[in-house]
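[1] Next input, structure requested:
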Amino acid sequence: MLRKIDWRKYAPLALMLVFPILGMMYKWTNRVDQDVYSLATAFDQATPFIKYFALPYAVWIFYIYVCLVYFFKKDVNVYYRGVVTYTICALTCYVIYAVFQTTVVRPVLEGNDPFTWLMAYIYNRDQPYNCFPSIHCFSSYMVMRLVWTSSFRNKWNVTLITGMSSLIIMSTLFVKQHVVLDAIAGILLVEFVLAIMLIVETQIVRQRQRQKRTYGA
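    The predicted structure is shown next:
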């Protein structure tokens, strides 16, 4: 049965191998070798720590993978746009982290339950730096934004992806991994990159149309 599968049509999924590479680059920047700033506002100080949001926060990268594979199945162009947007946004974040490092004050964990264990794992795995812009937030907003403008959008996929993305973005604030300015910066970064990509794609389409008219003349 496996021999009957045309594996060539799944070749574009190999582009997702960029994620582990970007993950290694993230580790290189997730340290302190410069001045560190806090962007916490009164809103962030008033936001409570809720350990139960550790679950949506933890499943984030798997969620992004699932969304991209779903986009691939529905419209490969949306998939390409997602991988390219993620890569550009992530690299932009790394440049910002290298010159403007921010941090978030984490609470002292109390309790002996699965959610506290998960929070401890999250805190131990990720140093409290590389906050502005938030990678969790930009990528969650990205898949939400892409499905909104896709040709295959319907009430179910829009509701599910919007709901889950919103939950992940909120989780970054409730588990004290990010502040609200980190989330806003991530959202604006996606909008900026998508706007540039739209301009580039439009120029490519126009160039191809001019070439067709030239060859057809």
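
[2] confidence score at Arg3?
    What the model reports as pLDDT for Arg3 is 61.

[3] Report the contact partners of Ser166.
    Ser140, Met144 (CB atoms under 8 Å, 6 or more residues apart in numbering). Placement of C-beta: from N, CA and C, glycine included.

[4] Which element, helix or strand, includes it?
    helix 155-174 (DSSP states H and E).

[5] all strands of this structure, in order?
    36-37, 101-102 (DSSP state E).

[6] want to throw those into CSV with mean pLDDT and distance to Gly163?
    CSV is the format used below for the strands of the chain (pLDDT from 0 to 100; distance: least, CB to CB, whole Å):
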stretch, mean pLDDT, distance to Gly163
strand 36-37, 94, 33
strand 101-102, 96, 28
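
[7] which of these sits most buried?
    strand 101-102 (a mean of 21; mean count of other CB atoms under 10 Å).

[8] What strands line up against that strand, and which way round?
    The strands beside strand 101-102 in its sheet (DSSP bridges) come out as strand 36-37 (parallel).

[9] Provide the contact partners of the partner strand at residue level.
    For strand 36-37, using CB under 8 Å, 6+ apart, the contacting residues are Phe100, Gln101, Thr102, Thr103, Tyr129.

[10] where along the protein do the helices fall?
    18-29, 42-46, 54-58, 60-74, 76-99, 114-125, 135-148, 155-174, 180-216 (DSSP state H).

[11] Val108: which of the ones you listed is closest?
    Val108 sits nearest to helix 114-125 of all those, at 10.5 Å, using CB to CB.
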